[in-house]
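Undergrad: sequence plus predicted model, see below.
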Amino acid sequence: MKRILLVRPRSPNERFGLGPFFRVEPLGLEYVAASLLAQGHIVRIIDERFAAPLQREVAQFQPHIVGISCMHTVDIPTALAASVVVKQANPDITVVMGGHVVALYPEPFFEPDVDALCGVDGEVAFPQFVNARQSPRLEQQQPGFWIRTQEGRGRPRFQYTPWGNGADELRVVPVPARHLVDDYRSKYLCVQKQPVWAVETARGCPYRCSFCSTALLHERQHRVRAAESVLTDFETTGPNLFIVDDLFFSPTSASAALAKALRARDIRKSWMLVQTRLDTIAKHPELLEQWRPVAGAIDLFCGFEAPTDELLSGLNKDMTTDSIEEGVRVARHYGYGVTGNFVIDPDWDEHDFERLWALVDRLKLTRLGYTVLTPLPGTPLFEQMKSRIVDWDWSKWDMHHVLYEPKLGRRRFFEMFVECWRRNVLGARHAGHWFRWVRGLTPAQMAVLARVLWRTQRLLDVNAYLDETFPLQVPAT
């Protein structure tokens with residue numbers, strides 16, 4: 001039996017975007033914890049965003065093993081900082097890194113304060129790793145892990161042992177150990193919805209978008225959690241859900257069966273937010289009809305990405321503007337809210353921005369987000385663009401900074417980028433949307449919404465972006 005501490009590191013960059021108002025529980029760690037608890041280990045989860053200093057938690061709990069999650073590129077600095085804190089507290093603690101970024105791009109984590117990296121699904125592999133640490137014969141070859149094998153001058157060396165198990169093992173994982181984050185529950189929110197529970201029904205995506213690493217991590221496959229486990233999760237969570245599936249409504253047969261089972265058990269939620277594709281909605285309107293009774297309100301978060309077929313093709317989106325328009329129409333027909341995101345390419349010219357604004361106006365879209373197209377490690381775009389990248393400070397890989405010089409120059413690019421934000425719900429001409437929201441909110445929710453409005457004004461300040469942009473690169477003479 002081991003004492004195991006699982007850590008969700010602090011978020012290093014919340015200067016832009018809605019990061020402070022979209023804080024989700026560390027669901028991946030809760031699944032890992034459930035698997036470890038099932039084997040008799042003692043487990044604690046620390047969410048550094050809200051917890052006491054990590055060194056204090058380590059001193060009190062005295063763990064044998066610490067697992068640190070790194071889900072996003074921007075979290076690399078704080079995840080590594082957490083590993084340093086743990087080793088300073090006790091060098092004998094085994095430090096393991098895991099999460100989406102670690103699995104796809106392990107190179108930044110080959111550091112002296114890290115003992116192992118998990119490159120596969122942690123809820124399946126990590127319990128096996130913990131058990132193997134009790135056997136010297138097994139601990140140097142752990143399937144699915146990079147293990148530190150050599151010390152010395154410079155960076156340590158790590159050796160990877162392939163996982164080699166193609167079974168769909170997510171079906172046998174217990175429901176997440178949500179009780180381990182009870183102390184933080186009130187902190188998890190999505191704008192004015194608080195608290196919010198996270199649920200996963202399936203994992204993976206079959207598409208090939210050049211800027212997204214999800215499909216690569218899961219080899220463009222869907223893996224579906226056991227229906228009974230998902231139903232239990234729905235039954236035991238609160239009224240507000242964020243479904244973290246990479247592509248909700250897919251696979252379509254499993255989605256239809258789940259919706260039917262939820263209706264049969266009369267499981268209802270107040271609000272749900274799901275991530276999906278507009279062409280999936282356009283092709284399968286029957287799924288929206290089947291899911292609609294499951295919640296009082298359902299919002300769809302969709303990647304619009306680009307305003308023309310040509311630009312969509314350049315991103316390998318495998319979607320057309322016709323399917324975008326049809327997807328929006330279907331969603332509205334069944335009473336779904338539509339929130340979307342466009343990725344703004346630093347290589348756009350002014351005409352590309354104008355075409356974007358024309359699409360937004362034509363579809364009467366107001367709830368939109370805009371992010372800078374970022375060549376995230378592990379994606380085809382990263383391999384294509386890395387020779388142009390100037391800013392390698394991971395804390396700025398938040399999709400609101402530019403990492404290389406834009407085609408229009410940095411000032412004009414951010415002037416156009418800010419104009420995008422002015423034209424959506426943040427702009428003055430959409431004030432009526434905010435007033436309609438306020439009418440249905442409690443005083444506490446109104447306070448949260450007021451903070452959102454105040455913080456998001458930074459998104460409308462060109463100089464705020466420029467102040468954080470890398471120094472101008474002057475060619476050597």
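TA: Yep, that arrived.
Undergrad: just give me the neighbour total for the residue nearest to V74 when sequence neighbours are not counted.
TA: Spatially, and ignoring its direct neighbours in sequence, V74 is nearest to D398 (4.5 Å; CB to CB, 6 or more residues apart in numbering). For every residue, glycine as well, the C-beta is placed using N, CA and C. D398 has 22 neighbouring residues, counting by other CB atoms under 10 Å.
Undergrad: so D398 is in which element?
TA: Assessed by DSSP states H and E, D398 sits outside every helix and strand.
Undergrad: where are the low-confidence patches of this structure?
TA: 13-18, 135-141, 151-153, 165-168, 218, 425-441, 444-445, 448-455, 472-477 (pLDDT under 70).
Undergrad: could you rerun that using 50?
TA: 477 (pLDDT under 50).
Undergrad: chain center to the helix or strand hosting E383, what's the gap?
TA: Remark: E383 resides in helix 380-385, with elements defined by DSSP H and E. With CA atoms, centre = their mean, to the nearest Å as the basis, helix 380-385 stands 20 Å off its chain's centre.
Undergrad: just after that helix, pick out the following helix or strand.
TA: helix 410-422.
Undergrad: could you list the buried residues of that following helix?
TA: By neighbour count on 16 or more other CB atoms under 10 Å, the buried set for helix 410-422 is 410, 413-421.
Undergrad: turn those into a markdown table, columns for distance to R157.
TA: As requested, the buried residues of helix 410-422 are exported to a markdown table (distance: CB to CB, whole Å):
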| residue | distance to R157 |
| --- | --- |
| R410 | 39 |
| F413 | 41 |
| F414 | 42 |
| E415 | 47 |
| M416 | 46 |
| F417 | 42 |
| V418 | 46 |
| E419 | 49 |
| C420 | 46 |
| W421 | 46 |
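Undergrad: the stretch 201-350 of the chain: helices as residue ranges?
TA: Remark: helices assigned in the stretch 201-350 of the chain by DSSP state H, counting those that start in this stretch are 214-217, 227-236, 252-264, 278-283, 285-291, 309-314, 321-333, 350-363.
Undergrad: longest strand anywhere in the chain?
TA: Criterion DSSP state E: the longest strand present in the chain is strand 295-305.
Undergrad: coming back round to it: of the helices of the stretch 201-350 of the chain, which is nearest N131?
TA: helix 227-236 (22.6 Å; CB to CB).
Undergrad: list the contacts of M399.
TA: Shown in contact with M399 (CB atoms under 8 Å, 6 or more residues apart in numbering): 17, 343, 371-374.
Undergrad: can we see that at 6 Å?
TA: By CB atoms under 6 Å, 6 or more residues apart in numbering, the residues touching M399 are 371-372, 374.
Undergrad: also F22?
TA: Per CB under 6 Å, 6+ apart, neighbours of F22: C190.
Undergrad: make it 8 Å
TA: The contact partners of F22, taken as CB under 8 Å, 6+ apart, are 189-191.
Undergrad: what does A259 give?
TA: Counting by CB under 8 Å, 6+ apart, the residues that A259 touches are 287, 290-291, 294.
Undergrad: among the residues you listed, which one has the most neighbours?
TA: W291 leads those on contacts (other CB under 10 Å) with 23 neighbours.
Undergrad: how near is the nearest residue to that one once chain neighbours are set aside to Y105?
TA: Excluding the flanking residues, the one nearest W291 by CB to CB, 6+ apart is A259, at 4.8 Å. Distance of A259 to Y105, computed by CB to CB, to the nearest Å: 36 Å.
Undergrad: re the thing from before, any idea how far the residue nearest to W291 is from A227?
TA: Distance from A259 to A227, by CB to CB: 11 Å.
Undergrad: so W291 makes contact with L300?
TA: No: checked against CB atoms under 8 Å, the pair W291 and L300 is beyond contact range at 10.3 Å.
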